[in-house]
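Any chance you can model this:
(chains A and B)
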Amino acid sequence: QDRNVTGNVRDENGQPIPGVNVLIKGTSTGSVTDLDGRFNVSGINENSVLVFSFVGYLSQEVTVGTQSSFDVSMKPDITQLGEVVVVGYGEQKKSLLTGAISSVKAEELQTVSVGRVDQALQGRTAGVAITPTSGSPGSGTKIRIRGTSSNQSADPLFIIDGVRTGASGMDFLSPNDIASMEILKDAASAAIYGAEGANGVVIITTKKGRANTSEITYSGQFGIQSVRPNMMKLMNAQQYQQYMEKAGVTPRPTAADVAGKGTDWFDEIFDNAPQQSHSLNFSGGTDKSTYFIAGNLFQQEGIAGGDKSQFNRYTIRINTSHKLKEWLTVGENLSYINIQRRGLSEDSEYGSLVGSALALDPTTPVTYAGVEPANYPQHVKDALTAGQPLVKDPNGNYFGISPYVKGEFGNPIARIQEAKGRTTQNKLLGNVYAEIRPIKGLKYTTRLNLDAAFQRNHNWNPRQWYSSESNVSLANGSDNWEEWYTWQWENFAEYNKSFADHNFTLLAGGSLQKYSYNTLSGSYADLFREEDKWSYARYVPDATDRISSDLSTQTLASVFGRLNYDYKGKYLFAATIRRDGSSKLASGHQWGTFPSVSAGWVVSSEEFFPENVGNTVSFMKIRASWGQNGSLSNLNPGQWQSAISTNVGGVIRYPDALGTYQSGAAPTQLENPYLTWETSEQLDLGLELRFIDDRLGFTVDYFNKITRDLITPGAPPGFAGNSLPFFNGGEITNKGFEFEASYRDNGQSALKYSISANLTTLSNEVTYLDRSVKQLSGTNVGTSWGSATLFKEGFPVWFFNGYATEGIFQNQTQIDAYKEKITGGYTPALGYPIIKDINNDGQINESDFTIIGSPQPDFYYGGRITLGYKGFDLLVFVQGQHGNDILMGFNRTDRPTANKPAFFYEDQWNGENSTNIWFTANTSDSKIYSSDYMIFNGSYARVRQLQLGYTLPGSIAENLRVRNVRAYVSFDNYFTFTKYPGIDPEAGSNNNNSQGIDRGVYPIPRTFLAGLTFTF
Amino acid sequence: CDDFLDQTVQGQLLENEFYLSDQDALQAVNATYDILGAEYNTAWNSLYLLKTLPSDESNAGGANNGDQPGYQTLDDFTLGSLNDKVVAIWANLYATVYRANKVINNVKPENDLRKRVIAEAKVLRAFAYFELVSLWGEVPLVLEEVDASKYASTGRVEKQAIYTQIETDLTEAIAILPMKSQYSAGDKFRWSKGAAQALLGKAHLYQEEWANAVTQFNYVISSNEYALEDSVQHVFAKSGEFGIESLFELSFVNTEKYDWGNFPWSAKPESNIHIQLMGPRSDYYKPMNGDSLTGGWGMNVAKKKIYDAFVASGDENRRKVTVFSVAELKANGGDWTTDNSWDFEGYWQRKYGSFSKQTGTPTPELNYGTNFRLIRYADVLLMAAEANYRNGDEGTARTLINTVRQRKGTSLPPIDNSVTGNALFQALVTERQLELAFEGFRFLDLVRWGLAEQELGSLGFQKGKHEVMPIPYVDATSYGLPQNDGY
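As a prediction, the model looks like this:
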């Protein structure tokens, strides 16, 4: 007959474990241990076997027999064989995986100081390269999983609790909410995401409550950010004057005009800046319902611009799950996010904030404090006489204006003061779901996902004047309102079946997704008063108003299926297939199919696996996978289509003889109905080894990823008469090896330690380009270096393209010999670089451009050491990359009097045989400034975290009624090793064809922080 | 499910739903004028400078040799097939052809308006082909949309075939187009019968078909639709826009209120930004007392040679409104504070001058409304003179030249009847050089007269190469267009 059994579950130290699943084997009935580790299961008979399972511990089976109560001691699962990883639409035991998936767990993310999840991924696992687009608060990253596989965006797909989100904006998720991140790197793992998985998939699972627990956890940190002390120095006033005089450019100061070192504009714009984060979680549940409620605050100001360059984020998350019936579970994961952001212009050589600090001459003061109006420099008097609105500081002093460096540049301190823009985003992200288990082994899930963001930007510009090209003569404002809205309905069922030692899992499902983008924006001018409260369109005359709005929608329909099979956990096999249809493509070309297969062999489970090897080699698995994925992210709706528009490269209108616009309309582009997604095909071979009781682990993967049908800007002949924005015309191959290794102590001594490291080698090449394209021009640098990046068959993606040099002209004989061969295009003088005439036509012009560098690294790596002794712990986390180049792109030859880095002065050629390294003073020769002299070794290693923590002993904590009390201090990004003489070796950019170009990058701050976490 | 995937793309109309109504036809041809305007003024690819910089009138100028390298190499004859100006202007000219083709092939000539629109499109197409054939020589003849599979087999065709098409288009259009006076005031920017005849005459002149050229120019002259302004200065003043001397010009406005924040650098501005580019470099420049020529970015600066040519001809009135010197600047209260400005020989042009009167607010640099005058009556008279001279009628030729020389504001002595033969031709050469300085005619004139090597050789011009521009890199290497000699 049926009866009850009760008992306690404890860990290896005798501490009770709440939340352990207790199931009667072969049924779905059972219970969960409570806060004190107690369980009570009814419906037991003599033959019942109870199964105890809990994440991180080995499952145990106990035959009940006649006992009515017993204690169970759980053993930690140090082999991690039972570790479960999240895969697309499900979970899988890590030991049974046949694909290449890396996991990052919550513990690693808990004490990071970065505000963004994608930044936190940097260096964590092999195969994932993260490049920040900037060091300003809240800035994004470029995420490249196994190399740059597109000439457009190659960001992976992000899935948060099943909700697809764009990779572009991972600024909304608090790292504190994350339980785990899985990175699906090989095609077979990602193939379940079909047309969207070609650049890899990052699956993020947020924290859930545990049954029969109730916990309150606080974690907080406060940090001070500062700029790297050995960052690039600019020429001081003396150096500047001498250099410009030697370069012979005007207008420049005379030696008599210069006293002292002058203004160090970098010192002026950079300052220490605070950041803080606080997170409070409530989690727990009953054996029927669980909850996780979290509130997070993150506030960061910028090291340039202070609160004018800030990122503040406030999030609330509520995750719950309710087992309503034995066969029905419903739940939701929902978060609300509020982001307030302010930013300053950067990443541009055309007068951005950092660009202006770089360019402005050191002889100009920040302000003319203490100078009598009668003694103002003449150009300031002239500007005032002309009635120009010069900017004053809060003390009423005019900001300095350079008489030498004009153009788009302007006093950066004044610009910071006058910056008024702010962006507010409200976002709702989450889903509701139901899981139905109608029969044993079958689970059907239906869920509705929502990702809705509402963003408002308000900006206004007071009147200000720095030069005739850098001014605001009429106070103006603008408002932008944007809405991104995605809903998705997914239905899928999973069926498990085992017979004999054959285990099958079958998954089948479908999904519908609709994305819409709405925007409404307006601009206006002639504010009544130059104050925030007058900066809205309602208060200005209608005559200056401009308005714009747009709507864009796109849909995706999908069906997918997956089969997993294993025999005795030894022979593993998986296959997936997905079919996707996208509204972005022409009718008849909308649907595509993406298959994958993979297999694995756990060699160490074989009986023939020798005992003596088995004692050392504790685990060995060989796996292989192949699959295809698509990437749609670089396509927009209607891009295949030739259509009539009133806006083709600007509004079509033509002023008639009275100056009245006559409206026009014309075809937008050449038609290409064959336009389709990029397809990435990837082969992955992996070997997993573990030694000495699993203390030493080693994984190696070889990957070969070929992206075909690359969506490439069309290059039709000029005589075709119109543009072809995109066609499928290229192929990129990324291949390399990934290594991951880890080693930890034997658990016996008081000193705990673990070491882990990863390294990825990468070979990136454009392996085919349609012959009609020959080469694609990327970005320009300044006004004189066209096509500074190029996309061309046989070369890395967007390599640097310019003049190659072979040393410096040391004497006139060399110049004369050179001039015999080179008749035009370059007029060298002593100390100028010797530019190679690549095509040997006697002319130096853009036809001599050649590859002079590549932003693609040869390898990148991460390493982590943790040490623990008694309550103390130390963490060192290093990340770096090697073999990439950086193009110093902030020097403009059309602004020849702009200041330059100090090494231009210090290292300059100064007479015969003085140096072959750097050229003589010259700021205007476009050949020099489009040459490999602007290319630098971009390798770096950065200590991302150096953290010392102390955990309060359990006995003391218990008296205080708190647990897990840990305090720490951390030096984040504090130490950088690089040879790059520019601002920051992580010279990122938002533009895909501008990677590795330093146009005046906002540097990555280093942060000192102190943090505290505890639970009660 | 396919319904689910059928999503409307906003702001787009299928091609077969357009070109149907009168309104469609007008909008389609307006868009063709618009792209022709873009050819002269997308930032920074101007057909005007492409034709002007290789001449002996001006230097590229600007900050240094790194300022707009594409213009610098055009000026220095060191350009290659990757020259960004050459590439963009070639593509823009064919964009004009493309839009004109769409009008010609799709609009049904069912009423007078649509017939006129088609005729306008034919002149626009002929105009673009005339630029192409005169600057590149043999070029692809595209009269309808080229299928992608035919790109590589399109090839270049004989110049004669291009000219034949130009003549056919113009002849058909002339039969339909109204006289300039028959257009409403606003519509006077459109191609008129007279302007099309002038272009046809020019096409004959370039082919050395003298009698046919005379015929067409005579139609223009005898139409009494056109006359000379009092002075060259008046032609290029705001008041001269679409005035009595104007046959065809490209229209720009100073009313857009562009500022540094909203200027469409990457698109087609409605103002003429090249005027700002061509103003005396403002770093060093202070205007003369009472002169409204304000500072700019210092490109297209006059060479000493053109200044000297005016002086040598005693042509002071016309010189003053065309080119001026540092000495003159300083003598009249202005200033120039550098002695080594790049490419600067001491002179500036002021025909397309950065006059503050011609620009608008709030940022004068960005709002010049100056039109590019592409065909004006003085040019027609001088082309007529040349055609008559070549056709053996020296008397008429001399009269026509003197008409230009003796206009009120120029008031030069007439060319004496004793000047005949080659001397008369030289007088014509000089007259065109001075009257039409900085208007983009000189380089092509020198080439067709066979004088290019003589006049431009010292500047880097190589005979047998620089008479024509290089075929753009992509068209040549990817689609098999034979490259011009020497490139």
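
Around chain A, which positions in the stretch 251-400 of chain B sit nearby?
Within the stretch 251-400 of chain B, the residues that sit near chain A (CB under 8 Å from any CB of the partner chain) are B:251-253, B:255, B:257, B:259-262, B:264, B:266-268, B:270, B:282-284, B:295, B:337-338, B:340, B:342, B:361-363, B:365, B:369. (Each C-beta comes from the backbone N, C-alpha and C, glycine too.)

What's the ChimeraX line that selects buried ones from the residues you listed?
Buried subset of those, written as a ChimeraX selection, criterion 16 or more other CB atoms under 10 Å in any protein chain shown:
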select /B:251,252,253,257,259,260,264,268,270,282,283,284,295,342,362,363,365,369
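
for chain B, what are the low-confidence residue spans?
B:1-2 (pLDDT under 70).

Tell me how it divides into domains.
Domain segmentation of chain B under automatic domain parsing yields B:17-176+B:468-477, B:279-351.

Would you map the helices across the stretch 1-150 of chain A?
Along the stretch 1-150 of chain A, the segments classed as helices by DSSP state H, counting those that start in this stretch run A:106-109, A:117-120.

Could you do chain A as well?
A:106-109, A:117-120, A:187-190, A:237-247, A:265-269, A:353-359, A:378-385, A:412-418, A:611-616, A:812-821, A:902-906, A:954-959 (DSSP state H).

how about the helices in the stretch 201-350 of chain B?
Going by DSSP H, counting those that start in this stretch, the stretch 201-350 of chain B shows helices at B:210-222, B:232-236, B:273-277, B:304-312, B:316-320, B:326-331.

returning to what we had before: indicate which one of the helices of chain A is closest to A:Arg164.
A:Arg164 sits nearest to helix A:187-190 of all the helices of chain A, at 12.9 Å, using CB to CB.

Against which helices or strands is the closest one packed?
In terms of contacts (3 or more CB pairs under 8 Å, 6 or more residues apart in numbering or on different chains; DSSP states H and E), helix A:187-190 is packed against strand A:591-602, strand A:617-631, strand A:678-691.

mind redoing it with 6 Å?
Contacts defined by 3 or more CB pairs under 6 Å, 6 or more residues apart in numbering or on different chains; DSSP states H and E place helix A:187-190 against strand A:591-602, strand A:617-631.

Comparing the ones you listed, which comes out most buried?
Of those, the one with the most neighbours on average (mean count of other CB atoms under 10 Å in any protein chain shown) is strand A:617-631, at a mean of 22.

Buried deepest among the domains of chain B, which one?
domain B:17-176+B:468-477 (a mean of 22).

End to end on that domain, go ahead and measure it.
36 Å (CA to CA, to the nearest Å).

Over to stretch A:747-767?
50 Å.

ok, and for it, which residues are buried?
Applying 16+ other CB under 10 Å to stretch A:747-767 flags A:Ile755, A:Ser756, A:Ala757, A:Asn758, A:Leu759, A:Thr760, A:Thr761, A:Leu762, A:Asn764, A:Glu765, A:Val766 as buried.

And the helices of the stretch 1-150 of chain A: which comes nearest chain B?
Comparing these against chain B with CB to the nearest CB, the closest turns out to be helix A:117-120 (29.5 Å).

which non-adjacent residue is nearest B:Lys286?
With sequence-adjacent residues excluded and distances taken as CB to CB, 6 or more residues apart in numbering or on different chains, B:Lys286 is closest to B:Asp335, at 4.1 Å.

Minimum distance to chain A, which residue of the stretch 151-300 of chain B gives it?
Counting by CB to the nearest CB, the stretch 151-300 of chain B gets nearest chain A through B:Ala267, at 3.0 Å.

wait, what's in contact with that residue?
A:Gly649, A:Gly650 (CB atoms under 6 Å, 6 or more residues apart in numbering or on different chains).

repeat for A:Phe528
A:Trp534, A:Tyr539.

Which pLDDT value belongs to it?
According to the prediction, A:Phe528 has pLDDT 91.

What of A:Glu611?
A:Glu611 carries a pLDDT value of 69.

what does the one 4 residues further on give?
Confidence per residue is given as pLDDT, and for A:Asn615 that number is 69.

With the one 3 residues further on instead?
Reading off the confidence values, A:Ser618 has pLDDT 85.

Isn't it up against A:Glu688?
No - using CB atoms under 6 Å, A:Ser618 makes no contact with A:Glu688, being 11.0 Å away.

Can you get me a residue count around A:Gln67?
12 (other CB atoms under 10 Å in any protein chain shown).

secondary structure class for B:Arg99?
helix (DSSP: H, G, I helix; E, B strand; the rest coil).

For it, give its distance to B:Asn30.
B:Arg99 sits 10 Å away from B:Asn30, going by CB to CB, to the nearest Å.

Next up, phi/psi of the closest residue to B:Thr294 other than its chain neighbours, please.
In space, and not counting its chain neighbours, B:Thr294 is closest to B:Ser356: 4.9 Å by CB to CB, 6+ apart. As for B:Ser356, its main-chain torsions (degrees, to the nearest 10) stand at phi -60, psi -30.

Repeat that for A:Thr660.
Here is the backbone geometry of A:Thr660 (degrees, to the nearest 10): phi -90, psi 140.

what sits against it?
By CB under 6 Å, 6+ apart, the contact list for A:Thr660 reads B:Gly186.

got a pLDDT number for it?
95.

buried residues in the helix or strand harbouring B:Arg448?
For B:Arg448, the enclosing helix or strand under DSSP states H and E is helix B:442-449. For helix B:442-449, burial by neighbour count (16+ other CB under 10 Å) applies to B:Arg442, B:Phe443, B:Leu444, B:Asp445, B:Leu446, B:Val447.

Chain B contacts on the stretch 901-1016 of chain A?
With CB under 6 Å from any CB of the partner chain as the criterion, the stretch 901-1016 of chain A meets chain B at residues A:Ser924, A:Ser926.

residue boundaries of the strands in the stretch 901-1016 of chain A?
Here the stretch 901-1016 of chain A has its strands, by DSSP state E, counting those that start in this stretch, at A:935-937, A:940-951, A:963-978, A:997-998, A:1006-1015.

Find the residue ranges of chain A scoring beneath the pLDDT cut-off.
Residues of chain A that meet the cut-off, pLDDT under 70, sit at A:1, A:77-82, A:166-169, A:611-615.

Residue nearest the middle of it, spatially speaking?
Centre of chain A computed as the mean C-alpha position; nearest residue by CA atoms, centre = their mean is A:Thr141, 2.7 Å away.

got a list of what that residue touches?
Residues counted as contacts of A:Thr141 (CB under 6 Å, 6+ apart) are A:Asp118, A:Gln119, A:Ile130, A:Pro132.

Pull up the gap between A:His388 and chain B, please.
Not quite, residue A:388 is Gln, not His. A:Gln388 sits 12 Å away from chain B, going by CB to the nearest CB, to the nearest Å.

hang on, the earlier thing: now that the residue nearest to B:Thr294 has come up, it's in contact with B:Ser292, right?
Yes - applying CB under 6 Å as the test, B:Ser356 and B:Ser292 come out as touching, 4.6 Å apart.

Run a quick neighbour tally on A:Thr813.
9.

just the one 3 residues further on next, same as before
Using other CB under 10 Å, A:Asp816 has 9 neighbouring residues.

A:Pro373: how many residues sit nearby?
By other CB under 10 Å, neighbour count at A:Pro373 equals 10.

quick check: angle from the longest helix along chain B to helix B:442-449?
Secondary structure of chain B per DSSP H: the longest helix is helix B:112-136. Calculated by axes from the mean of the first three to the mean of the last three CA atoms, to 10 degrees, helix B:112-136 forms an angle of 70 degrees with helix B:442-449.
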